[in-house]
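**Student:** this one's structure only:
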C-alpha cells in the first residue's frame, strides 16, 4: 500500500513506527543482550592472543620473552582485562541460557533447568582447575 | 490506593492526524479493574470514538494485547492498581503498523502462521474404522507447553529482531511449528523445515529472550527456537557423516 495515499473510509492509512538505532539502550535486558553479542568479539580476540602465544612458544625462548614483554604493555594488559570481563560475561550468560535450548531426559523424566546449568558450571570449573593445575606444575 | 487514575491513551485518527498522540483520561481505579476495564470505561462514558480490540476478558482469546507503560501486556490481565498512582500509558502493540488508535494490522502474522502448517500433517490418514490416534501422557507432555499459545502477538511486539527485520517469521510461529513437530501423531516436520530452516526462520533469531518474558501463557518461544536450532544442526551433522542414514 502506498503510504502517501489519502485516507478514505475504505482505504486506511497505516502508521508505521521505525525502530530507533538506539533501541538497545531502552531496556536493561536489550542492553545485556547486545553486550552478550559484543562479547563474541572479545572471545575471538582471546583466541587470536592464545594462538600468538602458541606461535611465540614454538619459535623459541627469545620470541616467547618478546611476547611476554608485549603482553605486559599497559595497552595490551588493559585490553586483556576488559576481554576477561567479557569472556566471563559470555560464559555465564550462555550457561544460564543453556537449559532453554537443551532438553535432557533421565529415566523418562525431564531434568530441571537448574541441573543443566549446574552441570555446565561444574564442567567449566573442572576444566579451569585442570588448566590451572597444568600451568602451575 | 487512589480512587482515580490517569490513562494516557495513544490516539491515531488517520483522517485528522499524521502520527499518534497521547490523550489523557481519568478513570476509576478499583482493586479488581484491569487496564481493559479502564478503556471500556472511556469508551462507555468519556469518548465513544476510541478504537481497540478485545473479546474474552480472561486471557484466552489473545485480542487485547497492547503496550502498557512500555511493556507488551494483555490488558485484560494487567491490573490498574499495580500502576497506582499512575499515570498509565497505553499504546498499540509495537512492531506492527497502526490502523487506528490501539488497533494494529496483523495480517503479516496471520500469513506467517499458515506458512508453518500449524496442524497435524499425516503422510497417510488412518481409515476412520481404525479409531483415534492415541497418545501417552508423556508424549503429550512433549508439546503441551507450546500448545498453550493464544496468538496474542505479545512476543512479536517484544522481539527486536522482528522490529528490525519484518521478514523474520517470529517467535509464536516457530513455537507453534514446534508444537506440531513434537507431536507423536504428526509427520510434517520435513515440510515445516523448508520454511523454518531459512535465514528468516530460526536462524534469524539471536536469542534475545524477550519473547519468553512477554508470553502470558509461559509458552517459552525462545526455548522452542533454540531447541529447533539444536535439532537442525544435529540433523545436518548426521546427514553429513551418515548420508546413508534415515533422516
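**Tutor:** That came through, no problem. All figures in this text were calculated on a predicted structure; none of them were measured in a lab.
**Student:** can you give me the helices for chain A?
**Tutor:** Here chain A has its helices, by DSSP state H, at A:28-59, A:61-71, A:74-101, A:113-136.
**Student:** State the distance from the residue nearest the centre of chain B to residue B:38.
**Tutor:** Nearest to the mean C-alpha position of chain B, by Cα atoms, centre = their mean, lies residue B:153 at 2.7 Å. Note on residue B:153: its distance to residue B:38, by Cβ to Cβ, to the nearest Å, is 21 Å. The C-beta positions use only the backbone N, C-alpha and C, and glycine is treated the same way.
**Student:** Residue B:126 now?
**Tutor:** From residue B:126 to residue B:38 the distance is 51 Å (Cβ to Cβ).
**Student:** and what of residue B:99?
**Tutor:** 21 Å.
**Student:** Mind checking which of these two has more residues around it?
**Tutor:** Neighbours per residue (other Cβ atoms under 10 Å in any protein chain shown) separate residue B:99 from residue B:38, with residue B:38 holding more: 27 against 18.
**Student:** mind listing what the closest residue to residue A:63 other than its chain neighbours touches?
**Tutor:** Once flanking residues are discounted, residue A:63 sits nearest to residue A:56: 4.5 Å by Cβ to Cβ, 6 or more residues apart in numbering or on different chains. Counting by Cβ atoms under 8 Å, 6 or more residues apart in numbering or on different chains, residue A:56 touches A:63-64, A:66-67.
**Student:** In its sheet, which strands sit next to the lowest-mean-pLDDT helix or strand in chain A, and in what direction?
**Tutor:** The helix or strand of chain A with the poorest confidence is strand A:109-110; it has a mean of 78 (mean pLDDT, DSSP states H and E). Applying DSSP bridges, strand A:109-110 is found paired with strand A:105-106 (antiparallel).
**Student:** neighbours of residue B:178, just the number please.
**Tutor:** Burial of residue B:178 is recorded as 28 neighbouring residues (other Cβ under 10 Å).
**Student:** mind checking how far residue A:50 is from residue A:90?
**Tutor:** Distance, residue A:50 to residue A:90, by Cβ to Cβ: 15 Å.
**Student:** Compare these two (neighbour count), which wins?
**Tutor:** A side-by-side neighbour count of residue A:50 and residue A:90, using other Cβ under 10 Å, places residue A:90 first with 19 against 10.
**Student:** show me the contacts for the residue nearest to the more buried one when sequence neighbours are not counted.
**Tutor:** Spatially, and ignoring its direct neighbours in sequence, residue A:90 is nearest to residue A:39 (3.9 Å; Cβ to Cβ, 6+ apart). The contact partners of residue A:39, taken as Cβ under 8 Å, 6+ apart, are A:86-87, A:89-90, A:93.
**Student:** Repeat that for residue B:64.
**Tutor:** Residue B:64 sits in contact with B:36, B:52-55, B:57, B:74-76, B:152, where contact means Cβ under 8 Å, 6+ apart.
**Student:** With residue A:117 instead?
**Tutor:** Residue A:117 makes contact with A:95-96, A:98-99, according to Cβ under 8 Å, 6+ apart.
**Student:** Buried only: go through these for me.
**Tutor:** In terms of neighbour count (16 or more other Cβ atoms under 10 Å in any protein chain shown), the buried residues within the contacts of residue A:117 are A:95, A:99.
**Student:** contacts with chain B among the contacts of residue A:117, please.
**Tutor:** Applying Cβ under 8 Å from any Cβ of the partner chain to those, one finds that nothing falls near chain B.
**Student:** ok so, going back, please look at the residue nearest to the centre of chain B and residue B:62 and confirm they touch.
**Tutor:** Yes. Residue B:153 is within contact range of residue B:62, at 7.4 Å (criterion: Cβ atoms under 8 Å).
**Student:** could you pull out the strands for chain B?
**Tutor:** Assigned by DSSP state E, chain B shows strands spanning B:4-11, B:21-28, B:65-68, B:71-74, B:88-91, B:98-100, B:103-104.
**Student:** neighbouring contacts of the helix ranked longest in chain B?
**Tutor:** For chain B, the longest helix by residue count, based on DSSP H, is helix B:221-241. Applying Cβ under 8 Å, 6+ apart, the contact partners of helix B:221-241 are A:97, A:100-103, B:146, B:149, B:155, B:171-172, B:174-175, B:177-179, B:181, B:193, B:196-197, B:202-203, B:205, B:207-212, B:215, B:245, B:247.
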